[in-house]
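Colleague: Turn this into a structure:
(one chain, ligands or ions: 1)
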Amino acid sequence: MGRFAKRVSLLLPAVLMAALTLALPAGDGGWAQDEEKPYRIKDGVVDWYTFSGFRRYHAECHVCHGPDGLGSTFAPALAETMKTMSYEDYLDIVVNGRENVGTTAQSKMPAFAENLNVMCFIDDIYAYLMARADGVLGRGRPKKEPKPAEAKERDDSCLS
Ligand code: HEC
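Modeller: The predicted model follows:
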């Protein structure tokens, strides 16, 4: 997680830092983990944060981006997008929104900076989408590890 966290710290305002740093699970707890990946998956079971990302994605993003990151006629398939998009660009678009004005239609990605239900879980959603983009997580609700105490503390302090 070192390199990942360091890049983040260069780019984000301090308010986001606490949530983002805590969002990355520390230690491996015996899980097979690729240091470069924001998620952990073992025998088809995902870490809590990735599961949290699945839930938040389906609460906040699904309506436009389709189930399981598969896209809709209205907004792009994020399971595809995240194959190439950088973490920094992802953060920028989710925090600030984006608007492409085409010749026939206008499509708008809303800014979520004011929405705690997204901002507190922006790394969880990223982890979920990366697992989908990497093809290591199938469609639907994943099996999950129990919610760790640190995750509960993180959520409580971020949402309050
Ligand atoms: C109201 C509909 C709507 C919601 C809700 C929404 N998006 Fe979007 N999003 C869009 C549209 C439309 C675009 C394409 C905008 C553009 O190209 O400028 C987009 C683009 C994006 C992109 C860039 C995709 C690409 O391929 O370039 C990312 C990343 C993204 N959204 C993430 C999210 C996440 C994460 C959430 C949930 C927290 C979310 N969006 C919720 C409509 C939405």
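
Colleague: low-scoring pLDDT stretches of this structure, where are they?
Modeller: Applying pLDDT under 70 to the chain picks out residues 1-34, 102-106.

Colleague: 80 instead, please
Modeller: For the chain, applying pLDDT under 80 flags the ranges 1-35, 100-106.

Colleague: Near the ligand, which residues of it? Just list them.
Modeller: By CB under 6 Å from any ligand atom, the residues of the chain that approach the ligand are 60-61, 63-65, 74-76, 78, 81, 90, 93-94, 98-100, 107-110, 112, 118, 125. For the C-beta atoms, the positions are set from N, CA and C on the backbone; glycine is no exception.

Colleague: 8 Å - rerun?
Modeller: 56-57, 60-61, 63-65, 74-78, 80-82, 85, 89-90, 93-94, 98-100, 107-110, 112, 115, 118, 122, 125-126, 129 (CB under 8 Å from any ligand atom).

Colleague: Quick one, which of these are buried?
Modeller: Listed as buried from the residues of the chain next to the ligand are 56-57, 60-61, 64-65, 75, 77-78, 81-82, 85, 90, 94, 109, 112, 118, 122, 125-126, 129; burial here means 16 or more other CB atoms under 10 Å.

Colleague: Keep only those of these that are in helices.
Modeller: Mapping those onto helices (DSSP state H) picks out 56-57, 60, 64-65, 78, 81, 90, 94, 118, 122, 125-126, 129.
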